[in-house]
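[1] okay, sequence plus prediction incoming.
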Amino acid sequence: MNNKKRILLVEDDQTLANVYISRLEIEGFEVRHVLNGEEALSAALAFKPDLIVLDVMMPKISGFDVLDIIRNTSETMNVRVIILTALSQEKDREMAKKLGADDYLVKSQVVIGDVIDRIKHHLSET
């Protein structure tokens with residue numbers, strides 16, 4: 001029986017994604033990575049993640065739109081979502097909160113260890 005927590009990583013920067021995938025797997029998570037918002041929505045339904053790490057600025061569908069759809073879809077509405085973005089403006093943080101993000105991390109203000117800590121924190125609440 002696989003009791004690993006599932007993380008869906010939505011990040012269009014492949015280099016950055018590879019760093020996160022490696023670290024998350026070392027930490028014992030099962031990771032699925034997608035490159036854009038469209039793939040994120042189908043993966044959220046198929047993979048059934050325990051938590052989604054979601055970039056905002058992506059091709060096709062923005063992270064904010066993905067979050068909005070996830071929160072309004074019965075199968076995914078209770079999945080924890082951490083926004084991990086380059087956007088550091090307060091208005092972006094407020095938008096994420098309004099749409100139902102569980103956390104908001106700015107890439108330039110965190111190191112990978114901080115992100116892992118937040119993931120573990122949110123998963124311990126489920």
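    Thanks, I have the structure now.

[2] just for the chain, where's the confidence low?
    Along the chain, segments meeting pLDDT under 70 span 1-2, 126.

[3] tell me which element the residue most central in space within it is part of?
    Ranked by distance to the mean C-alpha position of the chain (Cα atoms, centre = their mean), the top residue is V53 at 1.3 Å. Element membership for V53 (DSSP states H and E) is strand 51-54.

[4] now the element after that strand, going C-ward?
    helix 63-71.

[5] about what we covered before: direction included, what does the strand holding V53 pair up with?
    In the sheet, strand 51-54 lines up against strand 6-10 (parallel), strand 80-85 (parallel) (DSSP bridges).

[6] would you format those as JSON lines with mean neighbour count and distance to R23 included?
    (C-beta placed from N, C-alpha, C; glycine too.) Shown next, in JSON lines, are those (neighbours: other Cβ atoms under 10 Å; distance: least, Cβ to Cβ, whole Å):
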{"stretch": "strand 6-10", "mean neighbour count": "24", "distance to R23": "11"}
{"stretch": "strand 80-85", "mean neighbour count": "23", "distance to R23": "13"}
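
[7] that older thread, my read is that the residue nearest to the centre of the chain contacts L16, right?
    No. Between V53 and L16 there is no contact under Cβ atoms under 8 Å: 10.9 Å.

[8] picking that back up, of all the strands paired with strand 51-54, which one comes closest to D68?
    strand 80-85 (10.7 Å; Cβ to Cβ).

[9] what residues does the closest one touch?
    Here strand 80-85 makes contact (Cβ atoms under 8 Å, 6 or more residues apart in numbering) with 11, 50-57, 63, 67, 70-71, 92, 96, 100-107, 110, 115, 118-119, 122-123, 125-126.

[10] and it with helix 63-71, angle?
    Inter-element angle recorded for strand 80-85 and helix 63-71: 170 degrees (by axes from the mean of the first three to the mean of the last three Cα atoms, to 10 degrees).

[11] that's all I had, so thanks and see you.
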